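Trainee: attaching a predicted model along with its sequence, questions to come.
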Amino acid sequence: MKQPTQTRRRKVRVLATLGPSSNSREMISRLMDAGADAFRINMSHGKQEDHAKVIALIRDIERETGRLATILVDLQGPKLRVGTLADGPIMLVKGAAFVLDRDPTPGDVTRMTLPHPEIFAALRPDARLLLDDGKLVLRVTAVTQDRIDTVVEVGGQLSNNKGLNVPDVVVPVPALTAKDRSDLTFALGLGIDWVALSFVQRPEDVAEARQLIGDKAALLAKIEKPQAMERLEEIIEIVDGVMVARGDLGVELPPESVPQAQKRIVETSRRMGRPVVVATQMLESMIKAPTPTRAEVSDVATAIYDGADAVMLSAESAAGDWPVEAVAMMDRIATAVESDPGYVSRLHFTETRPDPTTADAMSEAAAHIASVISASAIVCFTASGSTARRVSRERPSVPVLIITPKVTTARQLGLLWGAHAVNTRDVDSFEEMVEKAKRTALRHGVAGAGDHIVIMAGVPFGTPGSTNVVHAVQLTGNELEG
């Protein structure tokens with residue numbers, strides 16, 4: 001693989017969703033050049049064979065450019081929907097009675113089928129049912145095993161097979177459907193790096209996906225249900241990363257509650273050392289316009305100031321008219337925020353206390369040493385990526401250059417704040433470690449002649465989880481000779 005000579009100085013990552021507007025070889029290359037660090041494949045749309053072609057294109061561009069790209073596959077998850085209507089769309093009037101039942105007969109203005117028996121068992125009187133992304137609201141007045149009586153609180157037009165959200169109760173629906181299992185097997189077979197799991201309500205919802213994935217990819221939980229907020233720390237503890245999925249979260253929570261939820265998810269993820277992605281409607285107006293609104297720019301900037309590891313584009317890059325411009329705008333916003341002299345101090349508003357382990361103590365010390373001696377970079381040797389995640393958690397003021405013998409680790413770290421991963425063979429001695437760190441820092445442009453770097457590693461080499469060395473060294477600039 002060709003090695004790039006320069007790293008991105010930006011620390012926050014940009015995750016771009018691929019779709020009809022951006023899934024060609026030319027467009028993927030342009031998105032990478034514009035600032036995309038990682039790509040999301042949305043399994044809710046398209047066929048597996050089409051996704052396989054896109055994944056192959058990304059890997060081929062990787063080989064050509066030497067710049068690793070992280071691939072995240074987003075599973076669709078269960079979709080709750082109402083049934084059909086006999087005579088086309090109906091108007092639900094505020095205050096009117098409306099019944100959802102298990103009769104498969106097409107519905108009318110008084111009733112409609114709901115083909116999800118598990119909802120009947122979970123509901124209770126006074127719970128809300130949200131239809132069509134929350135545009136219509138029903139309030140449950142009575143419920144039996146085959147009938148839900150409701151009153152219309154927010155009316156409007158209802159048509160066939162519209163989506164249903166149940167925000168007030170835990171719905172006993174597995175997070176993985178048969179389609180998800182098929183998509184997961186397909187994606188793991190192609191060597192993708194992250195799997196995003198939808199419809200997570202409880203820690204138990206993650207268990208099956210974790211078992212099926214094993215160590216083949218990293219697992220990211222999408223927080224999009226109010227019930228997940230109630231058990232947030234338990235969920236974060238057992239996954240590798242988190243996404244603030246503001247789409248469904250914004251449907252099921254009052255709009256004014258979403259910013260508070262976002263800040264809590266970001267803060268908790270950072271405190272627990274898990275990368276966190278902020279997603280949905282970040283530059284929504286750029287689906288059709290070449291520039292965003294000022295409010296959208298402020299929204300993206302706020303997520304970066306809060307310390308998110310990555311910000312994500314959805315329809316803006318997947319189906320919009322300006323995908324390259326949207327990625328470039330994300331890059332410019334992030335670069336501007338990170339150039340703010342107050343940015344680093346704002347990051348530390350969230351306290352990330354180290355765990356009582358040698359690795360955490362070393363990571364905190366490395367960040368402190370880099371600050372005191374004005375080092376240009378922290379260089380981590382890691383096989384599993386755990387050392388890099390611990391250092392990133394400290395949000396150091398300098399880039400984190402990661403040297404790993406595993407390309408899978410290097411790619412997975414593409415969602416990690418401040419990380420620039422290089423895949424190369426492992427070292428065998430302390431002296432080789434120092435020389436390789438110095439050469440790599442020079443080659444990738446994170447340090448120059450006369451600069452200091454801080455090196456972290458574990459001795460004996462090749463032993464995962466053995467971080468026990470912090471070493472500061474000055475570069476002469478001659479390390480590349482010979």
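Mentor: Sure, I can see it.
Trainee: what's the distance between Ser22 and Gly250?
Mentor: Plainly put, Ser22 is 24 Å away from Gly250 if you go by Cβ to Cβ, to the nearest Å. For glycine as for every other residue, the C-beta is placed from the backbone atoms N, C-alpha and C.
Trainee: I should have written Thr280 there, sorry.
Mentor: Relative to Gly250, and taking Cβ to Cβ, Thr280 is found at 7 Å.
Trainee: same deal with Thr409?
Mentor: 34 Å.
Trainee: do Leu100 as well
Mentor: Taken as Cβ to Cβ, the span from Leu100 to Gly250 is 24 Å.
Trainee: the more surrounded of these two?
Mentor: Shown here are Leu100 and Gly250; by other Cβ atoms under 10 Å, Leu100 has more neighbours (26 against 19).
Trainee: for that one, phi and psi?
Mentor: Leu100 adopts backbone torsions of phi -110, psi 130, taken as degrees, to the nearest 10.
Trainee: contacting residues around it?
Mentor: Val82, Arg111, Met112, Thr113, Leu114, Leu129, Leu138, Arg147, Ile148, Thr150 (Cβ atoms under 8 Å, 6 or more residues apart in numbering).
Trainee: pLDDT added to those, as CSV?
Mentor: Below are these laid out as CSV (pLDDT from 0 to 100):
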residue, pLDDT
Val82, 96
Arg111, 96
Met112, 97
Thr113, 97
Leu114, 96
Leu129, 97
Leu138, 97
Arg147, 97
Ile148, 97
Thr150, 98
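Trainee: which of these count as buried?
Mentor: Using 16 or more other Cβ atoms under 10 Å as the burial test, the contacts of Leu100 include Val82, Arg111, Met112, Thr113, Leu114, Leu129, Leu138, Ile148, Thr150 as buried.
Trainee: and of the residues you listed, the nearest to Val239?
Mentor: Within the buried ones among the contacts of Leu100, the smallest distance to Val239 is 28.8 Å, found for Leu129 (Cβ to Cβ).
Trainee: local confidence estimate at the closest residue to Gly307 other than its chain neighbours?
Mentor: With Cβ to Cβ, 6 or more residues apart in numbering as the criterion, Gly307 has its nearest non-adjacent residue at 4.8 Å, and that residue is Leu347. pLDDT for Leu347: 90.
Trainee: if I look at Leu347, how far off is Glu267?
Mentor: 11 Å.
Trainee: may I have the host helix or strand of Ile236 exported as CSV, CA atoms only?
Mentor: According to DSSP states H and E, Ile236 maps onto helix 232-237. Coordinates of each C-alpha in helix 232-237 appear next as CSV, following Å, rounded to 0.1, in the frame of the first residue of the first chain:
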residue,chain,number,x,y,z
LEU,A,232,-27.4,4.7,28.7
GLU,A,233,-24.3,3.8,30.8
GLU,A,234,-25.2,0.1,30.7
ILE,A,235,-25.5,0.1,26.9
ILE,A,236,-22.3,2.2,26.4
GLU,A,237,-20.4,-0.2,28.7
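Trainee: let me see the ranges of the helices in the stretch 301-450 of the chain.
Mentor: 315-318, 323-338, 343-347, 358-372, 386-393, 407-412, 430-443 (DSSP state H, counting those that start in this stretch).
Trainee: need the contact partners of the longest one.
Mentor: Contact partners of helix 323-338, identified using Cβ under 8 Å, 6+ apart, comprise 9-12, 14, 16, 21-22, 27, 30-31, 34-36, 282-283, 286, 290-292, 297, 300-301, 304-305, 311, 313, 316-317, 320, 343.
Trainee: can you select the buried ones from those residues in ChimeraX?
Mentor: To isolate the buried members of the contacts of helix 323-338 in ChimeraX, using 16+ other Cβ under 10 Å:
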select :10,11,12,14,16,21,22,27,30,31,34,35,36,282,283,286,292,297,300,301,304,305,311,313,316,317,320,343
